[in-house]
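Undergrad: Next one to model:
(4 chains)
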Number of protein chains: 4
Amino acid sequence: MAVVELSIVPLGTESTSLSPYVAACEKELREHSEGLKHELTAMGTIIEGDLDKILALIRRLHEVPFSQGARRVSTTIRIDDRRDKPGTITQKIKAVEEKL
Amino acid sequence: MAVVELSIVPLGTESTSLSPYVAACEKELREHSEGLKHELTAMGTIIEGDLDKILALIRRLHEVPFSQGARRVSTTIRIDDRRDKPGTITQKIKAVEEKL
Amino acid sequence: MAVVELSIVPLGTESTSLSPYVAACEKELREHSEGLKHELTAMGTIIEGDLDKILALIRRLHEVPFSQGARRVSTTIRIDDRRDKPGTITQKIKAVEEKL
Amino acid sequence: MAVVELSIVPLGTESTSLSPYVAACEKELREHSEGLKHELTAMGTIIEGDLDKILALIRRLHEVPFSQGARRVSTTIRIDDRRDKPGTITQKIKAVEEKL
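TA: Presented below is the predicted three-dimensional model:
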């Protein structure tokens, strides 16, 4: 069980507005999430679940801006993989909030 | 006006549970946010506002794990700085959701 | 052809010295690089080549710290994937240096 | 003493070629490095030295693409700050290579 943050950014797109590309990725994610929990933030998307499933999904999402006309894509992935305890989006935030 | 994502992680802490450190950073952030909008996610904290104010705050937060006993800290900062239009946490998410 | 930067960091280790883990990853990389060009930096490893091959290699490397006893691993991947022109480690640095 | 990796990328530029922007940042860095050790990689720049000096320098470099016409800039900073032992670019790589 891993929690993974993903940011996919096309470069050299002429327009500084990237939301059409982000929305296309988000649509693809929703259609192919196969039960993986995910949430959109202002700086990317956080996905929780089986790491291999998540990485296969990310590989697919990385192609989306190219299919929308981008010729260069910068993708950043941060994996938090914990094997001693279940680490989930909810549990990670709850563990912090309990200590505040 | 910038949107900045921040992750502060102590290394070599013996315990894999990092929430005590994250909570201490979050407390410091809340006490010194000076009106900067911020939100906690499962993978970090997103802060919105004046870039210089945000960077000064981050500099302060980076010290928190050391003051809690950590001897090595890995801090990741991603800045999205847009000067042609206001870019805010709310506006960025809204721009994507409108296209879904 | 992509250029990918990789950083694999175990969390909650007893020591702040992570070089034994980095060295174990680097060994695994050298044994399984299958012709992918790679270089070690002070902040990670840069790999150049076919994106699918690179991602399969990274998936393998991400397991290395666990096999060395780590119970939590933070892996950061930055992909620069350019499809209009070949983008290589050498070409990227040369393009900058020519303009200096 | 910290080792910091920096990547400054303009978004929404007309061309996918970003080396003119990277070269302008690199020039600014060389003129204002004030003794900080730095090295260019295919995925960014690594800087070593006093953290406050480095962050002040990065703040300056982040403005460079805007002064070159960019209207949106994505800057990523990764700080490795070790206080129990000196952590330098050379020492970090050497510690890994000795174990290979």
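Undergrad: Which neighbouring elements make contact with the top helix by length along chain A?
TA: If you go by DSSP state H, chain A has its longest helix at helix A:51-67. Counting contacts by 3 or more C-beta pairs under 8 Å, 6 or more residues apart in numbering or on different chains; DSSP states H and E, helix A:51-67 packs against strand A:2-10, helix A:19-32, strand A:44-49, strand A:72-82, helix C:51-67. Any C-beta I mention is one placed from the backbone N, CA and C, and that applies to glycine too.
Undergrad: Okay, and residue A:38 sits in which element?
TA: strand A:37-41 (DSSP states H and E).
Undergrad: Tabulate the helices and strands packed on helix A:51-67 (a markdown table), appending mean neighbour count.
TA: What follows is the helices and strands packed on helix A:51-67, written out as a markdown table (neighbours: other C-beta atoms under 10 Å in any protein chain shown):
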| stretch | mean neighbour count |
| --- | --- |
| strand A:2-10 | 23 |
| helix A:19-32 | 18 |
| strand A:44-49 | 22 |
| strand A:72-82 | 23 |
| helix C:51-67 | 17 |
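Undergrad: The longest helix of chain A vs strand A:2-10, what angle?
TA: Taking axes from the mean of the first three to the mean of the last three C-alpha atoms, to 10 degrees, one finds helix A:51-67 and strand A:2-10 inclined to each other by 10 degrees.
Undergrad: what's in contact with helix A:51-67?
TA: Here helix A:51-67 makes contact (C-beta atoms under 8 Å, 6 or more residues apart in numbering or on different chains) with A:2, A:4, A:6, A:8, A:10, A:21, A:24-25, A:28-29, A:32-34, A:36, A:47, A:73, A:75, A:77, A:79, A:81, C:51-52, C:55, C:59, C:62, C:79, C:81, C:83.
Undergrad: For residue A:12, list the residues it contacts.
TA: A:70, A:71, A:72, D:13, D:14, D:15, D:16, D:17, D:18.
Undergrad: Now the buried members of those residues.
TA: In terms of neighbour count (16 or more other C-beta atoms under 10 Å in any protein chain shown), the buried residues within the contacts of residue A:12 are A:70, A:71, A:72, D:13, D:16, D:17, D:18.
Undergrad: Can you tell me how far the closest residue to the first one other than its chain neighbours is from residue D:11?
TA: Nearest in space to residue A:70, with sequence neighbours left out and distances taken as C-beta to C-beta, 6 or more residues apart in numbering or on different chains, is residue A:10 at 3.5 Å. In this structure, residue A:10 lies at 8 Å from residue D:11, with C-beta to C-beta, to the nearest Å as the measure.
Undergrad: And residue A:22, by the same measure?
TA: In this view, residue A:22 and residue D:11 are 12 Å apart by C-beta to C-beta.
Undergrad: Please spell out the segments of chain A that come in under the pLDDT threshold.
TA: Regions of chain A meeting the criterion pLDDT under 70 are absent.
Undergrad: So which bits of chain A are right by chain D?
TA: With C-beta under 8 Å from any C-beta of the partner chain as the criterion, chain A meets chain D at residues A:9, A:11-18, A:71-72, A:74, A:76.
Undergrad: can you do 10 Å?
TA: Taking C-beta under 10 Å from any C-beta of the partner chain, the part of chain A that reaches chain D is made up of A:7, A:9-18, A:70-74, A:76.
Undergrad: what sits against residue A:6?
TA: A:25, A:29, A:38, A:44-47, A:54, A:57-58, A:61-62, A:75-79, B:43, C:77 (C-beta atoms under 10 Å, 6 or more residues apart in numbering or on different chains).
Undergrad: Distance to residue B:90 for the helices and strands packed on helix A:51-67 - can I get that in TSV?
TA: Putting these into TSV (distance: least, C-beta to C-beta, whole Å) gives the following:
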stretch	distance to residue B:90
strand A:2-10	18
helix A:19-32	13
strand A:44-49	16
strand A:72-82	22
helix C:51-67	34
